[in-house]
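> Provide a 3D model corresponding to the input given below.
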Amino acid sequence: MTGDDQVEPGLSAIMSERRQLINLAYRLLGSLADAEDVVQETYARWYAMPSREQEAIDSPGAWLTKVASRICLDLLRSARVRRERYVGEWIPEPLPENADWQAGTDPADRVTLDESVGMAFLVVLDAMTPAERVAFILHDVFRYPFPEVAEIVGRTPAACRQLASSARRRISEAQTPAPPTARRAELIRQFKEAWEATDIATLVNLLDPDVTAVADGGGVVIAALEPVHGGANVAQYFSGLPILDYGRTLVERTVNGQPGLVIEFEGVTETVIAFDIAADRITNIWAVRNPEKLRPWTS
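Reported below is the predicted structural model:
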């Protein structure tokens, strides 16, 4: 047996954790780019250890998760400082469905789409304290017991239980019953057609009176620097956008597991739009235009 044959089983086991780590880090950070950096740093720390220390670790997967979570926690604690320098509104990075990922993307780097990556869910997570977010995601989404969560967060198990409970309440208060996916898709299609036709009356009818629209250009491309509130204002805002001129197309796509829209120009995705819907009306619109957040969308 060669040396390579001896190393391969251990290497395979370590690398098989990559998708789990990407999924965890994206949910904790709301940024695929940051999640990839976290996973890279986690593996760098593993391979920086002497082999005898690696061999002494009973569960490499648990070790990798703990390290990745702690790196994410540090990033979350510094995020508010970084956001103060961010131009305009910050929206989590949108994810395409599996068929729409950029060509050549490693399947291990693709985030599993479920309710815990819905844009509305991620926006609520982003309003939590770092400790709340980490405790909730680790326990409620990834089913880690509170004693293990406590080791990562640096609190007692009882304190982590309270953090997760507080996060649960935030999500419960923000969530409203959503229509079935087919109905959501129908409403988004109607919004698309009314937008293309500059039909303000229909747009107003599709929007909740208290709807909020948020755009994220990151200071890289043009986008509204502040949210737009109210059905009439949002309808006027979208109707006045010249963004569909000059050969651009508006396409229905799945965004973070839910029906959404994408604006394309010459094969390049320029804008990804996610929606939240309640009581058969659109209640929130999130438009991501920052090209740094759209890497998975363009082949």
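
> Give me the nearest residue to Tyr237, chain neighbours excluded.
Nearest in space to Tyr237, with sequence neighbours left out and distances taken as C-beta to C-beta, 6 or more residues apart in numbering, is Val228 at 4.9 Å. No exception for glycine: its C-beta is placed from N, CA and C like everyone else's.

> The one you found: how many residues sit nearby?
17 (other C-beta atoms under 10 Å).

> Please compute how far stretch 147-165 lies from its chain's middle.
Averaging C-alpha positions (C-alpha atoms, centre = their mean, to the nearest Å) puts stretch 147-165 23 Å from its chain's average.

> again but with stretch 244-251, I slipped
Distance, centroid of stretch 244-251 to centroid of chain: 25 Å (C-alpha atoms, centre = their mean).

> For the stretch 51-200 of the chain, just list every one of the helices.
Listed in chain order, the helices of the stretch 51-200 of the chain (DSSP state H, counting those that start in this stretch) span 51-55, 60-84, 119-126, 130-136, 146-153, 157-174, 181-196, 200-206.

> Make a markdown table out of these and add distance to Glu17.
Formatted as a markdown table, these follow (distance: least, C-beta to C-beta, whole Å):
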| stretch | distance to Glu17 |
| --- | --- |
| helix 51-55 | 13 |
| helix 60-84 | 5 |
| helix 119-126 | 23 |
| helix 130-136 | 18 |
| helix 146-153 | 16 |
| helix 157-174 | 23 |
| helix 181-196 | 31 |
| helix 200-206 | 43 |
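
> Relative to Leu21, which of those helices is closest?
helix 60-84 (5.0 Å; C-beta to C-beta).

> Show me which positions of that closest one end up buried.
60, 63-73, 75-76, 79 (16 or more other C-beta atoms under 10 Å).

> what is the rounded mean pLDDT of the strand or helix carrying Gln40?
Assigned by DSSP states H and E, Gln40 belongs to helix 32-48. Average pLDDT, helix 32-48: 94.

> burial count for the nearest residue to Thr129 once chain neighbours are set aside?
With C-beta to C-beta, 6+ apart as the criterion, Thr129 has its nearest non-adjacent residue at 7.8 Å, and that residue is Leu163. Neighbour count for Leu163, taken as other C-beta under 10 Å: 25.

> In contact with Leu163: list those residues for me.
Thr129, Ala131, Glu132, Ala135, Phe136, Val153, Arg155 (C-beta atoms under 8 Å, 6 or more residues apart in numbering).

> So which helix or strand of this structure has the lowest pLDDT on average?
helix 3-15 (a mean of 55; mean pLDDT, DSSP states H and E).

> Just the buried residues of stretch 150-161, please?
Buried residues in stretch 150-161 (16+ other C-beta under 10 Å): Ala150, Glu151, Ile152, Val153, Arg155, Ala159, Cys160, Arg161.

> JSON lines please, covering these and showing distance to Gly247 and pLDDT.
Shown next, in JSON lines, are the buried residues of stretch 150-161 (distance: C-beta to C-beta, whole Å; pLDDT from 0 to 100):
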{"residue": "Ala150", "distance to Gly247": "55", "pLDDT": "97"}
{"residue": "Glu151", "distance to Gly247": "54", "pLDDT": "94"}
{"residue": "Ile152", "distance to Gly247": "49", "pLDDT": "94"}
{"residue": "Val153", "distance to Gly247": "50", "pLDDT": "94"}
{"residue": "Arg155", "distance to Gly247": "54", "pLDDT": "95"}
{"residue": "Ala159", "distance to Gly247": "56", "pLDDT": "98"}
{"residue": "Cys160", "distance to Gly247": "52", "pLDDT": "97"}
{"residue": "Arg161", "distance to Gly247": "55", "pLDDT": "97"}
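
> what's the distance between Trp90 and Thr298?
Plainly put, Trp90 is 21 Å away from Thr298 if you go by C-beta to C-beta, to the nearest Å.

> Show me which of these two is the more surrounded one.
Set side by side, Trp90 and Thr298 show more neighbours around Trp90, with 19 against 15, by other C-beta under 10 Å.

> which non-adjacent residue is nearest that one?
Closest to Trp90 by C-beta to C-beta, 6+ apart is Arg83, at 5.5 Å.

> that older thread, between the buried residues of helix 60-84, which sits nearest Arg170?
Arg170 lies nearest to Leu76 out of these, by C-beta to C-beta, at 15.2 Å.

> pretty sure that closest one is in contact with Arg27, am I right?
No. Between Leu76 and Arg27 there is no contact under C-beta atoms under 8 Å: 11.6 Å.
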